[in-house]
Every structure is written in structure tokens, then in C-alpha cells.
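Student: I need the structure of the sequence given here:
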Amino acid sequence: MPNLLPKIHPDQIQASPTRVIVNDYFRFVTGFFEVISTSAPHIYHSALLLSPRTSVVRKLHDSYTRPMVRVVRGLPDSWEPVVATQRHHDFDSAQEVAWSPCGRLIAVAWIASRTIEVMDAVTLERLDTFEHPEDRTEWLSFSQDSRSITRFGLHFGAHYSDDVWGLSSWDLQTGGPIGSIHPELHRHPEDSFSSTHSMDGKMVAVACRPWVDANTTTTISTYNLISRTHAYSHRVSEGHIVAPIWTHGECLRFATAKPGYITIWEAGFTSICTLAEVESFPAPDGIKDSKEHLFLPSLFRLAFTPQNAVLVWDVRDSKYLLNFMGIHPTKLSFSTDGRFLACGATSHEVYLWKESPTGYTLHQRVAFNIHRYVKPLLSPNGESIIAFSQTTIQLWNTTDPTPSLSSVQTQFIEPSSYIMDFSPDKTLAVVAPLEGNIATVLDLKSGDPRLIIDTGMKVLCLRITGSTIVVVGEGKVITWNLPAAGGVLNARANVNDSVRTTTFDYLPPCFIFPRAIPVLYTSISPDLNRIAVAERSVGLSIYDVATGKHLAHDPPAEGPVPWFTPDGRDVWCAGYLTRTVEGWSIIEDSETDLVRLEPLGPTAHPSGGPPWRSSLGYEITPDGWALNPSGKRLLWLPHHWRLPDEYRVWGGRFLGLLHHELPEPVILELGE
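Tutor: Okay, here's the model as predicted:
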């Protein structure tokens, strides 16, 4: 009997309740895999507590939660597009990322630590770490069976001509090195842009272009990883090689592009098979103006980016499959089967297109709240995608249900860190985006806004008491009185409602050019009488809040981050990088109404500690555990909540997390 049911495209199938439940549990397990595998009780102490408000897992199992920490504010409403996040050490950046052919592993090359980390492709759990001596990683490449990994690196010499490069390989089964190759070059080191392994994993081919002149001859060199020797080099003078080069049986292949033509070539991993032309096809004119090229060997498709557009050309059928205009692309990535194409943009977004009967249609568009451009990399099967930038690696699924593209923001919002202060009685907190205009007073019992103030200036520092809020910004200080407790929520105020505005009588560069000074370069004393302003090139200055008078100055401090001791009699400065700390006693001069700063000795220690450390003995460990003063594990912090010290503010048992990658500040109340 013939099948009379109409054919339905998979994209037309709406998510069934079962699929929603399965997807939700998958997100729960992958998001909290690390804590589940480490401490099962924290399924109830941490994982369920931090699950989104609308998640199926939370709705079904919320009654089993056993929290030792209260989330005052910052719990997401739903699962974010990002499935997993991995953040590396402070001030280290991911330079190259590779996905294994089996799709189960991800390798990341970090610059400052000179390491290669291998991660699980579902949870981003670190599985192994390999160290190397080179300064720069040009590329990473897995063997065809995903059992080994090879990197091409560069070691900078005293002069450009002294730079040397080398290959290093590791066996992922044993965790040990396979070997290193450091050939002597007859010319300057070259820019390596693609590589591939032979089927047996013994040989690797590297495509290089001289740095001196990008238009000169490109070379594909092959090396024997077992004997650690150079096998053969193929010089390609006709057109420029389009990444990637790939393995084809016992040989390797690559595509070259030149005006009017795309040519496929074949070469050997050894000298037995010489360079030979396989096929040649017509090419569109726009290729010569493109900054990025990416060839898909399995389907003979070429993606390129001329004049702020993303185009996909079907090489064999000589037709366009995508012509998308209006973005500034940064990096292209195809899935192996061609179902998906990803492109990073200077707008800090990743565009994802999906194959359709008519070509490629826009499937997802994800915005990232980061400072640098995002570089995407699709998994071989196209079902997952990695985005990396600076210290952060993020993973999301391309097959997840997505909102309407019209609901996605079309304009990037500049990332902003936040500044925060807790009231002395720990009933209120005030928070504002650094250099933003709006300061919000929050009730720490309910987490709800009590007062929203339009300060009329770029906020650099603030402090709150039980009845007053003081805001510093752009060379002046403005004070507001807070409404009585129990008043209307979300009350509004502006400059006209302030009780005092004071202008500084001397403006250091940090106020004239406020973007040059981060949040903790400014501090207000607990009694609201004085302000400390520090800048590395200028030094430490003390101001009077009531009059704006410049009271004292000291030459540049070793550390630029100031804070007052609880009694307001001493001021200290520290550096986040060096962790050096120095302090001064504030000595009043009754005759001049000025003060002088008397340096404290090197053995002195600040009472109460810096603002990023808990004065009560709570601690955040490097692996993300919040500990109480006795060392008990209270909460496991997800990776996107694990922040450098400068993004933490303590107020007794309250902790504020203020990183710009968070949608909003997170406030936690830790238990005993």
C-alpha cells in the first residue's frame, strides 16, 4: 500500500513536549556535569538551585533543593543559548581552536600559559593539558582517527630573522609526546594557515605563505612525525591556496583560486606523488576582492567575504547558494556535510546559516557580550558550535529550538562592567554599569529595586548607607536621600531630586578622560567624607566630599586600586596583576584643613582587607567553589560566574558578581 502521508521537512516539526523535556534535562546535565561528577549532594545544593526559573528540571524537582546559598538576584529565566562556558586564567587568550574529526574533542591553544588543552566537546571539561615552549601557535590539527594532535608554533628570536618554528605532536591515548620537529629554514619563518594528517597519522602536511610578501609562492610541506624528518615540499605558484588542505586517500588535495578559476590539485605526502592538477572550474569575479576564503571539499562549495558580504559559490554547478549583505565578517566555518555555515562578525555576533532546497537560509544569530571579535568553529556534524574570544570558550547547539530571528537584537550593546556597594546594615545594595547613567538601589531581602536614579553623568564610583547614596563621576559628587523603608518599589529619581552636588576643584586625567579609569580606581570612605582617586601615571589623590576640595596627593602608587579601611583613617592601594599592596595614614592638619599622606611600613596590613576579599573569611576557590569560613562547600559556581577578583564585591555574607559577560549583576547571600 503506498504511503499517502505528505512529506514534511524536519524544520516544520515543532518541538514536542517529550523533546522539550529531553532537551531541558540535557542542558541540566551538561551545564552542571562538573559539579555532579565531583559532589553528588550539590545536585540539590547547587545545580537545582541555579537552574533557570522556567526550566522543566526546576519545575519538577524544585522541592528537593537544599540551598546553603540564597540567590538574591541574577538567576536566569531560561536556558541561555550557550550550553557550556570555559574560562581560562586571567589575561590568557585562546589563539587557535580545533575540533577532532570524531567530534568528541576540542583542542585550544592558550597564548600566555603556552599550553594546549584538550576538552570534552559536550561539557568543555578539561581532559588533558600539554605544554610547549613556543610563543605563538599558528594552527592545531587532529589526526584522522582523533588519537593524536599536532601544533605548528613559532618562537620569537631577538631579531625577525632569528625566529624559528617547529611541529609538536602528542598521543591523546597515552598523554605523552610523539615528538617535535624544528627544521632550519633558508628564509624568514612563514605564516601557516592549514594542515592535514595522512590516514595512518604518521605524516602531516602544512600549507605556508611567506610573511614577507603574501603574494609570493605558497608552499605545502610534509613531515614524518615518527622519524621527525622533513619529507617533501610542493611549491604552488598558480593562484593562492584556499583553506583548508585535506586528505584524499593516500594523497592530499587543496584548492587554489585566481581570477576566473578555481583549481583542485593533488600532491603526495612523500616525493612519490608529485603535484598534479585534478579539475578546474569557473569562479565568480568577487573572489579576488575577498578577505576570507573557505572551501568545502565534500560538496565543492566556496565561501568568501567580499565588500562586507558573505557569499557561497557552488563550484560544480557555477551558482550562488548564499548572498548575504551588510555585515563585517571575521571568520568562516563549514560543517563537514555542508548543512551549516557559521560566520563571526565585528558586531560581536555569530551568524549561522542552514542548508535549504534554495540555498542557505539564516538559522540563528547569537550576540556575545564580549570586548573582542568572536571566532566561530562548527563541529564536524554541524550540531554544535564553539565561539572563542579572549579568555572565554563557549559552546552552543545549532539544533536547539531558537526564537524568531526578528526578536534577536540587531545592534551590539557595548559590554559594561558593573559597580556595586552594600549598605553597612546589609539591607540594601546599589549597582550601576561602569560609566552608565543609571544607579539602582536593591532590597537585599526581596532582590527588588527600591529606587532607580538617573544620575545625569557617567558613574565611576558609588556608596550607600541606610539613608544616603553618594555617586562620583565626571569630576563631581552628587548625593541623594533614600526613601523610607517600605516605600513604593521602582521609585524614580534624577538630578533634580538630589540634596547636594559638589564639583572637584582639581580634575586629574582620570576624570577628564573617564574611560581610562576602571571602577575600583575610585573609592569613597565609609563615613562619606572623603574620596580617594588613583591612577598609575598620576598617583593617589584625596578629596573632600562636602566641598570637592583637593586635600592631598602622593606620587604614583605601585598599585592603582584604592580603598579605605573601615574607620576611614587609612587608605590603601593594590594592583590586581602584581597583588602588591601599600598604604598611607591620613593625617589631618587643623591649620590648613588639608591632610597629608604618611606611608605605612612594608609590614603593615590593611584592616578588613581589600574589597574583593571577604572580611568574614568566605572564599571563592579557583575551581569555582564558594566556601564558608570553616571551609565547607556552600555553592558551586558555573563557569560564567567564575570571575577575576576585580569583578567581586563582598558585603558581609553577601557577594556581588559584576562581570560584563553576565546579563545582570549576580547577588548571593552565603550561609554559615
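Student: what's around Ser630, how many residues?
Tutor: Number of residues near Ser630 (other CB atoms under 10 Å) recorded here: 7. All C-beta atoms are positioned from the backbone trio N, CA, C, and that covers glycine.
Student: What distance do you get for it to Gln307?
Tutor: 63 Å (CB to CB, to the nearest Å).
Student: give me the low-pLDDT residue ranges for the stretch 151-300 of the chain?
Tutor: Scanning the stretch 151-300 of the chain for pLDDT under 70 picks out 154-164, 183-192, 210-216.
Student: Tell me which stretches of it form strands.
Tutor: When assigned using DSSP state E, counting those that start in this stretch, the strands of the stretch 151-300 of the chain occupy the ranges 164-171, 177-181, 190-197, 203-210, 218-224, 229-236, 240-248, 251-258, 261-268, 276-282, 290-296.
Student: Please apply the same query to the stretch 1-150 of the chain.
Tutor: Going by DSSP E, counting those that start in this stretch, the stretch 1-150 of the chain shows strands at 69-73, 82-87, 94-99, 105-110, 115-120, 126-131, 136-142, 148-155.
Student: would you turn these into CSV with mean neighbour count and distance to Val666?
Tutor: Converted to CSV, these look like this (neighbours: other CB atoms under 10 Å; distance: least, CB to CB, whole Å):
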stretch, mean neighbour count, distance to Val666
strand 69-73, 19, 7
strand 82-87, 21, 14
strand 94-99, 21, 24
strand 105-110, 23, 26
strand 115-120, 20, 25
strand 126-131, 14, 24
strand 136-142, 21, 34
strand 148-155, 23, 36
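Student: nearest to Asp593, of the strands of the stretch 151-300 of the chain?
Tutor: Smallest distance to Asp593 across the strands of the stretch 151-300 of the chain (CB to CB): 61.9 Å, for strand 290-296.
Student: Next, the buried residues of that closest one.
Tutor: 290, 292-296 (16 or more other CB atoms under 10 Å).
Student: before we move on, what about stretch 637-653?
Tutor: Of the residues in stretch 637-653, those buried (16+ other CB under 10 Å) are 637-643, 645-651, 653.
Student: swap in stretch 266-276?
Tutor: Result for stretch 266-276 [16+ other CB under 10 Å]: buried residues 266-269.
Student: chain center to that stretch, what's the gap?
Tutor: 41 Å (CA atoms, centre = their mean, to the nearest Å).
Student: Name the residues that touch that stretch?
Tutor: With CB atoms under 8 Å, 6 or more residues apart in numbering as the test, stretch 266-276 has contacts from 198, 203, 205, 220, 222, 231-232, 234, 236, 248, 250-254, 265, 277-278.
Student: are any of those residues buried, and which?
Tutor: For the contacts of stretch 266-276, buried by 16+ other CB under 10 Å: 198, 203, 205, 220, 222, 231-232, 234, 236, 248, 251-254, 265.
Student: Please name the nearest non-neighbouring residue to Gly260.
Tutor: Ala283 (5.9 Å; CB to CB, 6 or more residues apart in numbering).
Student: Also Pro610?
Tutor: Ala574 (5.5 Å).
Student: okay but Glu34 is in contact with Trp636, surely?
Tutor: Yes: at 7.5 Å, Glu34 counts as touching Trp636 under the criterion of CB atoms under 8 Å.
Student: Residues that sit against both of these two, list them.
Tutor: With CB under 8 Å, 6+ apart as the test, Glu34 and Trp636 both reach Gly624.
Student: so what's the closest residue to Val495 other than its chain neighbours scoring on pLDDT?
Tutor: Of all residues not flanking Val495 in the chain, Gly456 sits nearest, at 4.2 Å (CB to CB, 6+ apart). On the pLDDT scale, Gly456 is placed at 93.
Student: Compute the number of surrounding residues for Gly456.
Tutor: Applying other CB under 10 Å, we find 17 residues neighbouring Gly456.
Student: which SS state does it fall under?
Tutor: coil (DSSP: H, G, I helix; E, B strand; the rest coil).
Student: what's the closest of the strands of the stretch 1-150 of the chain to Tyr25?
Tutor: Per CB to CB, nearest to Tyr25 of the strands of the stretch 1-150 of the chain: strand 82-87, 12.9 Å.
Student: Other residues contacting that closest one?
Tutor: Contacts for strand 82-87 (CB under 8 Å, 6+ apart): 27, 30-31, 119, 122-124, 126, 384, 391-397, 638-640, 642.
Student: returning to that earlier point: surely the residue nearest to Gly260 touches Trp313?
Tutor: Yes: proximity of Ala283 to Trp313 meets the contact threshold set by CB under 8 Å, at 7.2 Å.
Student: out of these two, which sits in the busier spot?
Tutor: Using other CB under 10 Å, the more surrounded residue of Ala283 and Trp313 is Trp313, with 24 against 21.
Student: Who are the packing partners of the helix or strand hosting Gln394?
Tutor: Element membership of Gln394, judged by DSSP states H and E, is strand 392-397. If contacts are counted by 3 or more CB pairs under 8 Å, 6 or more residues apart in numbering; DSSP states H and E, strand 392-397 sits against strand 82-87, strand 94-99, strand 384-389.
Student: TSV for those strands, including distance to Asp570?
Tutor: Below are the helices and strands packed on strand 392-397 laid out as TSV (distance: least, CB to CB, whole Å):
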stretch	distance to Asp570
strand 82-87	34
strand 94-99	41
strand 384-389	40
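Student: Quick one: the ones you listed as a markdown table, columns for distance to Met68 and mean pLDDT too.
Tutor: As requested, these are exported to a markdown table (distance: least, CB to CB, whole Å; pLDDT from 0 to 100):
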| stretch | distance to Met68 | mean pLDDT |
| --- | --- | --- |
| strand 82-87 | 23 | 80 |
| strand 94-99 | 34 | 83 |
| strand 384-389 | 33 | 84 |
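Student: Just give me how far stretch 168-179 sits from the chain centre.
Tutor: The answer for stretch 168-179 is 28 Å, by CA atoms, centre = their mean.
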